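A.B. asks: structure for the following, please:
(one chain, ligands or ions: 1)
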Amino acid sequence: MTYTPSESRYNTMSYNRCGNSGLKLPAISLGLWHNWGDKDNFEKGRMMLRKAFDLGITHFDLANNYGPPYGAAERNFGKILKLDFSNHRDELIISSKAGWDMWPGPYGNYGSRKYLIASLDQSLERMGLDYVDIFYHHRPDPATPLEETMGALDHIVKSSKALYVGISQYNAEDTTQAAKILREMGTPLLIHQPRYNMFDRWIEPDLLKVLAKEGVGSIVFSPLAQGLLTDRYLKGLPADSRAVKDGRFLNPKHITDNKLNVIRQLNTIAKSRNQTLAQMATAWVLRMPEVTSALIGASNVGQIEEIVEALNNTSFAGEELEAIDRVLMK
Ligand SMILES: NC(=O)c1ccc[n+]([C@@H]2O[C@H](COP(=O)([O-])OP(=O)(O)OC[C@H]3O[C@@H](n4cnc5c(N)ncnc54)[C@H](OP(=O)(O)O)[C@@H]3O)[C@@H](O)[C@H]2O)c1
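C.D. replies: Residues are numbered from 1 along each chain as shown. Presented below is the predicted three-dimensional model:
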């Protein structure tokens with residue numbers, strides 16, 4: 001069926017400025033790490049992208065190796081773009097990344113100029129695009145000089161294959177260095193993509209300060225800790241959940257009694273705010289001014305609708321934050 005985007009799509013989403021740049025990102029963005037592979041239901045993925053866009057989610061995040069198999073999410077996304085979004089390219093922020101294992105041999109991994117430029121060319125072909133809006137180095141590479149990796153990002157922007165560049169999983173010190181090198185080359189570092197959620201707060205002591213100082217935005221991935229910070233696992237292990245169905249990055253071993261006890265208590269705090277835990281976990285990452293966008297994943301349309309409603313209540317009373325901290329410290 002032909003897709004006509006909702007006319008009210010820009011009425012409720014908030015859009016936050018990304019660092020000191022001119023670009024605004026939706027407070028909630030959608031990632032295609034899981035559920036857009038070749039074994040996943042194509043029409044279901046298509047409906048999720050339609051729903052997201054209808055709700056004002058203008059940013060879709062991909063990477064060369066999302067699938068499985070590697071490349072499949074970009075290929076499937078490219079098909080959906082062509083079917084449903086061909087008249088809306090200028091309303092979308094599409095990102096991709098390279099940095100993890102992609103193809104065999106010494107040129108399909110880490111951070112060399114050779115790998116990043118070849119990988120982006122492949123990503124563009126799979127998605128049927130001339131350019132991505134944001135291209136990331138997906139993880140730090142201790143063996144390649146930062147100048148080379150940042151030089152590749154600079155080249156990519158100057159050759160019009162990406163409008164902006166970002167880094168992911170870099171620590172505070174390497175982020176400072178990367179921002180400096182890119183600035184000197186005339187290509188500002190737009191954004192950092194770190195993991196951030198109630199169970200993983202590593203960015204709080206140093207990285208956020210660096211981002212504020214350098215004027216770099218951030219889009220935080222796995223704000224729901226891959227589904228743990230929801231009510232998904234409170235009544236057992238659903239057969240269609242990531243932990244059971246996939247098991248590669250989240251598996252039943254991670255869901256201990258201790259963890260469930262913490263999740264139950266967080267769920268009670270969420271209820272006292274008239275939110276679901278998924279909504280409170282999303283609002284919680286967005287409370288930090290350095291966080292431009294919460295980068296969620298979803299396996300059905302209802303989850304996206306639920307998360308977007310988190311924006312109805314993103315403020316926290318001091319006592320609520322303290323209560324959350326107390327639960328997390330147990
Ligand atoms: N830069 C990096 O290194 C990196 C690494 C990881 C991810 N990412 C990016 O971040 C994106 C998001 O990561 P993520 O998928 O781990 O994020 P997440 O939002 O923490 O987890 C998403 C999962 O949570 C569950 N969920 C979502 N909404 C729910 C709701 N309302 N109620 C109950 N369960 C709900 C779903 O799991 P079920 O399948 O169980 O329903 C969904 O697949 C990725 O797609 C990718 O773009 C980047």
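
A.B. asks: sec struct for the most centrally placed residue in the chain, please.
C.D. replies: Using CA atoms, centre = their mean, the residue of the chain that lies closest to the mean C-alpha position is L295, 3.5 Å off. Using DSSP: H, G, I helix; E, B strand; the rest coil, the structure places L295 in strand.

A.B. asks: just checking, what packs against the helix or strand hosting L49?
C.D. replies: Assigned by DSSP states H and E, L49 belongs to helix 42-54. Under the contact criterion of 3 or more CB pairs under 8 Å, 6 or more residues apart in numbering; DSSP states H and E, helix 42-54 touches strand 28-31, helix 72-84, helix 301-308. For glycine as for every other residue, the C-beta is placed from the backbone atoms N, C-alpha and C.

A.B. asks: the ones you listed: which one's closest to the ligand?
C.D. replies: strand 28-31 (2.1 Å; CB to the nearest ligand atom).

A.B. asks: what lines up beside that closest one in the sheet?
C.D. replies: Strand 28-31 pairs in its sheet with strand 59-61 (parallel), strand 293-296 (parallel), by DSSP bridges.

A.B. asks: how far does the last one sit from its chain's centre?
C.D. replies: Which is strand 293-296. Mean-position distance between strand 293-296 and its chain equals 5 Å (CA atoms, centre = their mean, to the nearest Å).

A.B. asks: on that earlier part again, which residues sit in contact with the residue nearest to the centre of the chain?
C.D. replies: When contacts are counted by CB atoms under 8 Å, 6 or more residues apart in numbering, L295 is found next to 29-31, 61, 193, 219-223.

A.B. asks: the ligand contacts on the stretch 201-330 of the chain?
C.D. replies: 221-227, 230, 232, 241-242, 278, 295-299, 303, 306-307 (CB under 6 Å from any ligand atom).

A.B. asks: any idea how far apart the tips of stretch 122-136 sit?
C.D. replies: Counting by CA to CA, to the nearest Å, you get 14 Å between the two ends of stretch 122-136.

A.B. asks: ok, and does that stretch reach over to the ligand?
C.D. replies: No: applying CB under 6 Å from any ligand atom, one finds stretch 122-136 out of contact with the ligand, separated by at least 7.0 Å.

A.B. asks: what residues does that stretch touch?
C.D. replies: 62-64, 71, 74-75, 77-78, 81-82, 92-99, 120, 153, 156-157, 160-168, 190-191, 193.

A.B. asks: what about these, which are in helices?
C.D. replies: Among the contacts of stretch 122-136, DSSP state H puts 74-75, 77-78, 81-82, 120, 153, 156-157 in helices.

A.B. asks: ok, back up a step: out of the contacts of L295, which one sits closest to the ligand?
C.D. replies: Closest to the ligand out of these is G31 (2.1 Å), distances taken as CB to the nearest ligand atom.

A.B. asks: so which residues of this protein form helices?
C.D. replies: Per DSSP H, the chain carries helices over the ranges 42-54, 72-84, 113-127, 146-158, 172-185, 207-214, 242-245, 257-272, 277-286, 301-308, 318-329.

A.B. asks: can I get the CA coordinates of the longest one in PDB?
C.D. replies: Extracted as PDB, the C-alpha positions of helix 257-272 are listed here (Å, rounded to 0.1, in the frame of the first residue of the first chain):
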ATOM      1  CA  ASP A 257      17.400 -12.600  40.000                       C
ATOM      2  CA  ASN A 258      19.400  -9.700  41.300                       C
ATOM      3  CA  LYS A 259      18.900  -7.700  38.100                       C
ATOM      4  CA  LEU A 260      15.200  -8.600  38.000                       C
ATOM      5  CA  ASN A 261      14.900  -7.300  41.500                       C
ATOM      6  CA  VAL A 262      16.500  -4.000  40.500                       C
ATOM      7  CA  ILE A 263      14.300  -3.800  37.400                       C
ATOM      8  CA  ARG A 264      11.100  -4.400  39.500                       C
ATOM      9  CA  GLN A 265      12.000  -1.500  41.900                       C
ATOM     10  CA  LEU A 266      12.700   0.800  38.900                       C
ATOM     11  CA  ASN A 267       9.400  -0.300  37.500                       C
ATOM     12  CA  THR A 268       7.700   0.800  40.700                       C
ATOM     13  CA  ILE A 269       9.300   4.300  40.500                       C
ATOM     14  CA  ALA A 270       8.300   4.600  36.800                       C
ATOM     15  CA  LYS A 271       4.600   3.800  37.800                       C
ATOM     16  CA  SER A 272       4.700   6.500  40.400                       C
END
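
A.B. asks: next, the buried residues of that helix.
C.D. replies: 262-263, 265-267, 269-270 (16 or more other CB atoms under 10 Å).

A.B. asks: Throw the residues you listed into a markdown table and include pLDDT, thanks.
C.D. replies: A markdown table is the format used below for those (pLDDT from 0 to 100):
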| residue | pLDDT |
| --- | --- |
| V262 | 98 |
| I263 | 98 |
| Q265 | 98 |
| L266 | 98 |
| N267 | 98 |
| I269 | 98 |
| A270 | 98 |
